[in-house]
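Visitor: Sequence and predicted structure below; questions after.
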Amino acid sequence: VKEDYLLTMKDVLKAQIRARLVVLSCCHSARGEVKSEGVVGIARAFLGAGARSVLVSLWAIDDEATMEFMKVFYQHLVYGRSA
């Protein structure tokens, strides 16, 4: 059943997340429904569940480019460098 492996906003909001950073490296992870209080989507659910910050993507990006970007991003993060 398709629903068995989908992470929903409801699932995220039920979790208590104690993370300074959550990274959602899939395409368009910043998408959501635009409401008067802003964009409501999975990234906002992580913030509501306790994450201090969420890194998301606004655009499509192929898997190889994502892998390279994430590798460099985490290297910079580990060594305290800025992007």
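Guide: Looks like it arrived, so ask away.

Visitor: Flag the shaky bits of the chain, pLDDT-wise.
Guide: Residue ranges of the chain with pLDDT under 70: 1-3, 83.

Visitor: and with 80 instead?
Guide: 1-5, 36-38, 82-83 (pLDDT under 80).

Visitor: just the strands in it please.
Guide: Using DSSP state E, the strands assigned to the chain run over residues 22-23, 33-35, 38-40, 54-55.

Visitor: so what's the spatially most central residue of the chain closest to, chain neighbours aside?
Guide: In the chain, the centroid-proximal residue (Cα atoms, centre = their mean) is residue 24; its distance is 2.8 Å. Counting by Cβ to Cβ, 6 or more residues apart in numbering, residue 24 lies nearest to residue 56, which is 5.1 Å off, once chain neighbours are set aside. Using the backbone N, CA and C atoms, a C-beta is placed for each residue, glycine as well.

Visitor: export the strands of the chain to TSV and tack on mean neighbour count?
Guide: Below are these laid out as TSV (neighbours: other Cβ atoms under 10 Å):
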stretch	mean neighbour count
strand 22-23	18
strand 33-35	9
strand 38-40	12
strand 54-55	18
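
Visitor: residues of the longest helix along the chain that come out buried?
Guide: Once the chain is assigned using DSSP state H, the helix that runs over the most residues is helix 63-78. Within helix 63-78, not a single residue qualifies as buried, counting by 16 or more other Cβ atoms under 10 Å.

Visitor: Can you list the neighbours in contact with that helix?
Guide: Applying Cβ atoms under 8 Å, 6 or more residues apart in numbering, the contact partners of helix 63-78 are 21, 23, 25, 55, 61, 81, 82, 83.

Visitor: Any of these buried? List them.
Guide: Buried among these by 16+ other Cβ under 10 Å: 23, 61.

Visitor: Give me the distance between residue 33 and residue 9.
Guide: 10 Å (Cβ to Cβ, to the nearest Å).

Visitor: Which residues are in contact with each of the two?
Guide: By Cβ under 8 Å, 6+ apart, the residues touching both residue 33 and residue 9 are residue 41.

Visitor: Next, format the strands of the chain as JSON lines and append distance to residue 13.
Guide: Output for these, formatted as JSON lines (distance: least, Cβ to Cβ, whole Å):
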{"stretch": "strand 22-23", "distance to residue 13": "13"}
{"stretch": "strand 33-35", "distance to residue 13": "15"}
{"stretch": "strand 38-40", "distance to residue 13": "11"}
{"stretch": "strand 54-55", "distance to residue 13": "13"}
